[in-house]
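Engineer: make a model of this:
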Amino acid sequence: MQLRLLNSWLFFTGVFFLLLGQYLAFQRPNLFGAFYALGALGLLVQKTILYSRSKQLYFMLDSGYMNTALLLVNVTILRRSPTLWKTNFMIANGLQLWGL
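Structural biologist: The predicted structure follows:
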């Protein structure tokens, strides 16, 4: 019963944050950077802790985590860097295109 409740709660929060992200992106774009930064930082910290506990920290070298970290730098520190923005776009989409 607890696992079912946990799955329902996680699904609800995922849908909620997806809708909140869409709302912020289209209605309040000035707040979207902070929303993304908080979410990405929280997830990166959580994954780092989980992987280090299981001694599998090398999974953080995956391109998805590296791209998330670069996007976090782009959104928070180097906001006006067109080179970093193009690099992030290329990493995020280029690997998927190459896989096709």
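
Engineer: pLDDT averaged over stretch 78-95 - what is it?
Structural biologist: Averaging pLDDT along stretch 78-95 gives 86.

Engineer: show me where the protein has strands.
Structural biologist: Taking DSSP state E, the chain contains no strands at all.

Engineer: tell me which helix or strand of this structure sits lowest on mean pLDDT?
Structural biologist: helix 82-99 (a mean of 83; mean pLDDT, DSSP states H and E).

Engineer: for it, buried residues please.
Structural biologist: Buried positions in helix 82-99, judged by neighbour count with 16 or more other CB atoms under 10 Å: Leu84, Trp85, Asn88, Ile91. The way it works is simple: take the backbone N, C-alpha and C, and place the C-beta from them, glycine included.

Engineer: for Thr68, grab the count of nearby residues.
Structural biologist: Other residues near Thr68 come to 20 when the count uses other CB atoms under 10 Å.

Engineer: ok, it - contacts?
Structural biologist: Remark: with contacts taken as CB atoms under 8 Å, 6 or more residues apart in numbering, Thr68 is in contact with Ala40, Leu43, Leu44.
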